[in-house]
Every structure is written in C-alpha cells, then in structure tokens.
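Asker: coords below, sequence missing:
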C-alpha cells in the first residue's frame with residue numbers, strides 16, 4: 001500500500017486496484033528471490049504429508065542433529081543446494097494464482113481469510129489453489145526423486 005500511495009497517488013482511482021495487484025505480485029516475487037533458502041525445510045514439507053495428515057508434524061519427524069539445519073559435510077551441503085534448487089524450480093513452474101496462494105499461505109504465514117483478501121477471491125478459492133499447488137509440488141518433486149523419506153534418511 002505504501003508503494004502504491006508513494007508512486008501512484010496521482011493516478012485515477014479506477015487504475016489503483018490493478019496497480020496494487022501488480023505491486024503485490026512483484027513484491028512477492030522479489031521477496032521470494034531474496035530469501036531463497038528461508039524456511040525451505042519446513043514450508044514445503046506439507047507436500048510430503050504422511051498417511052495420517054492430521055497428526056503429521058515435520059519438526060517431530062526430523063531428528064535435529066544441531067540447533068540449525070545447516071549441513072555439516074560438503075556432500076550434504078551440495079545435496080541441500082540441489083534440493084533447494086529443485087524446490088525453487090517447482091514453485092516457479094506453478095500457475096501464477098497457485099504460486100501466489102502457496103507463497104502467501106506457507107511462505108508469508110497468512111491465514112486463509114488474509115490470503116483471500118489479498119488475492120481478491122473467496123476463501124474456498126484460496127484453499128483450492130493451495131491444495132492444487134501442494135499436489136503439483138509434491139508430484140514435481142517426487143518425479144525428481146525427492147521425497148520426505150529421502151530427506152529424513154539423511
């Protein structure tokens with residue numbers, strides 16, 4: 001909103017909703033590019049849900065070797081960077097609305113109502129976009145051989 005008011009205050013009011021939407025999309029893209037590895041391990045693990053989805057918690061599943069998730073060996077670092085790259089590529093391949101809903105919900109930690117408000121759609125649409133995004137990401141990552149089991153085994 002600040003960017004809109006600072007740079008486009010002189011525009012006619014009917015142009016403001018589209019400008020705001022474009023500014024928001026660009027801000028999301030920019031933020032995503034700047035913080036490529038932030039929360040990578042915890043935000044996308046929902047796509048690897050287990051059989052008992054209600055009780056699934058990735059933080060309980062992963063054994064914490066240290067206080068952080070930084071790999072110790074060079075092999076682990078290389079593997080982590082390859083997994084992160086595959087995740088980034090998969091997110092970029094999502095359709096725009098699915099990507100936007102996914103990033104707002106899981107990256108920005110917006111709730112369904114906030115996401116619906118930002119995207120200008122119903123809460124049901126947000127849930128649908130997020131569900132489809134998670135399914136697509138899960139399929140794309142599985143096709144590359146990345147599964148929760150392969151990550152936890154490390």
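Answerer: Noted; the coordinates are in hand. Given the structure is predicted, the values throughout are model-derived calculations rather than measurements.
Asker: Please tell me how far the spatially most central residue of the chain sits from residue 86.
Answerer: By C-alpha atoms, centre = their mean, the mean C-alpha position of the chain lies nearest to residue 103, the distance being 3.8 Å. According to C-beta to C-beta, to the nearest Å, residue 103 and residue 86 sit 17 Å apart. Every residue, glycine included, has its C-beta placed from N, CA and C.
Asker: go on, residue 31?
Answerer: Applying C-beta to C-beta to residue 31 and residue 86 gives a distance of 20 Å.
Asker: what does residue 15 give?
Answerer: 39 Å.
Asker: quick one: low-confidence parts of this protein?
Answerer: Scanning the chain for pLDDT under 70 picks out 34-72, 148-154.
Asker: just the strands in it please.
Answerer: Secondary structure of the chain by DSSP state E: no strands are present.
Asker: Let me see the ranges of the helices in it.
Answerer: Counting by DSSP state H, the chain has helices at residues 2-7, 16-34, 40-43, 58-61, 74-93, 96-102, 112-119, 123-143, 148-152.
Asker: Kindly tell me how buried residue 75 is, as a neighbour count.
Answerer: Neighbour count of residue 75, defined by other C-beta atoms under 10 Å: 10.
Asker: related to what we said a few turns ago, spatially, what comes nearest to the residue nearest to the centre of the chain if we skip its sequence neighbours?
Answerer: residue 28 (5.5 Å; C-beta to C-beta, 6 or more residues apart in numbering).
Asker: ditto for residue 11
Answerer: Nearest one to residue 11, counting by C-beta to C-beta, 6+ apart, is residue 19 at 6.7 Å.
Asker: what sits against that neighbour?
Answerer: Residue 19 sits next to 4, 8, 11 when contact means C-beta atoms under 8 Å, 6 or more residues apart in numbering.
Asker: For the second one, grab the count of nearby residues.
Answerer: Using other C-beta under 10 Å, residue 8 is surrounded by 14 other residues.
Asker: Over to it: give its phi and psi.
Answerer: When read as degrees, to the nearest 10, the backbone of residue 8 gives phi -130, psi 30.
Asker: Please apply the same query to the last one.
Answerer: For residue 11, the backbone dihedrals are phi -80, psi 160 (criterion: degrees, to the nearest 10).
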